[in-house]
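> Below: sequence and its predicted model.
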Amino acid sequence: GQQLNQSPQSMFIQEGEDVSMNCTSSSIFNTWLWYKQDPGEGPVLLIALYKAGELTSNGRLTAQFGITRKDSFLNISASIPSDVGIYFCAGQQDNDMRFGAGTRLTVKP
Amino acid sequence: ETGVTQTPRHLVMGMTNKKSLKCEQHLGHNAMYWYKQSAKKPLELMFVYNFKEQTENNSVPSRFSPECPNSSHLFLHLHTLQPEDSALYLCASSQDTAGAETQYFGPGTRLLVL
């Protein structure tokens, strides 16, 4: 079935740097979601986007729902060590929900 | 704490064993899901239950058998698994399965099949 293309696969950054990751799809979605997964835990919802063009912030995190409804990005500003983990995008259309393969973020102090 | 709990958190089993994974949600949701998460791959949806009825079986082998006795509990019964079934099994719940309903995940059960 349709999967999302999430990039980059992994990132190694210095504490304090900004981070950007994105997801693209050949299909449109009505909802875009961004999750974070810590080691040994399940994904936790960070941001949900419900409208094309919507830009939403949650603390140092900012996510946008692409105007074409086929993409979304997540930015993290001024990264800190606890930002380490795997970030997943998910697109939802009716009863269908698809996930990206994840971006593994490493933050060096 | 997302309101979705899973037990056990870790499980090691032989290929001839029978075991069960349990999921419980305390969010008052009506839909529950089982996902398989393998390294560096997208989450794979296995089963969906809405109001205790199975609404989706994503071509999952019969050695995985789900059970949903009520809207708060979901089980995954395991029998004669293969080593390639080793993965993190995640349970999730949402208000229902209609579009735009956000899913909340449990912490997962890390399964190793020897």
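On my side now, so go ahead.
> so what's residue 2 scoring on pLDDT?
Just so you know, I chose chain A. Looking at A:Q2, its pLDDT is 55.
> The intended chain is chain B.
B:T2 is given a pLDDT of 76.
> what residues does the helix-or-strand element of chain A with minimal mean pLDDT touch?
Using mean pLDDT, DSSP states H and E, the weakest-scoring helix or strand in chain A turns out to be strand A:96-99, at a mean of 85. The contact list for strand A:96-99 (CB atoms under 8 Å, 6 or more residues apart in numbering or on different chains) reads A:1-4, A:25, A:29, A:88-92, B:42-43, B:45, B:103. Every residue, glycine included, has its C-beta placed from N, CA and C.
> quick check, nearest of those residues to B:C91?
B:Q103 (9.9 Å; CB to CB).
> Next one: that closest one from B:Y33, what distance?
7 Å (CB to CB, to the nearest Å).
> Check the contact lists of those two and give me the overlap.
B:92-94.
> now, which of those lie close to chain A?
Subset of the shared contacts of B:Q103 and B:Y33 in contact with chain A: B:A92, counting by CB under 8 Å from any CB of the partner chain.
> just the shared contacts of B:Q103 and B:Y33 now: which is nearest B:N17?
B:A92 (25.4 Å).
> Show the contacting residues for that closest one.
Per CB under 8 Å, 6+ apart, neighbours of B:A92: A:42, B:4, B:32-33, B:35, B:103-106.
> Count the neighbours of whichever residue of chain A sits closest to chain B for me.
Proximity of chain A to chain B (CB to the nearest CB) peaks at A:G42, 3.6 Å away. Counted with other CB atoms under 10 Å in any protein chain shown, residues neighbouring A:G42 total 22.
> excluding its backbone neighbours, what's nearest it?
Leaving aside its sequence neighbours, A:G42 sits nearest to B:F105 (CB to CB, 6 or more residues apart in numbering or on different chains; 3.6 Å).
> Need the distance between the two termini of stretch A:89-106.
17 Å (CA to CA, to the nearest Å).
> Now do the buried residues in it.
Judged by neighbour count using 16 or more other CB atoms under 10 Å in any protein chain shown, the buried positions of stretch A:89-106 are A:89-93, A:96-105.
> residue ranges with poor pLDDT in chain B?
Scanning chain B for pLDDT under 70 picks out the ranges B:1, B:98-100.
> So which of the contacts of B:A92 sit within strands?
If you go by DSSP state E, the contacts of B:A92 have B:4, B:32-33, B:35, B:104-105 in strands.
> Now do the helices in the chain.
You didn't pick a chain, so chain A it is. Using DSSP state H, no helices are found in chain A.
> Which residues of chain B lie near chain A?
For chain B, the contact set with chain A under CB under 8 Å from any CB comprises B:2, B:4, B:6, B:9, B:40-43, B:45, B:55-56, B:90-92, B:97-100, B:102-108, B:110.
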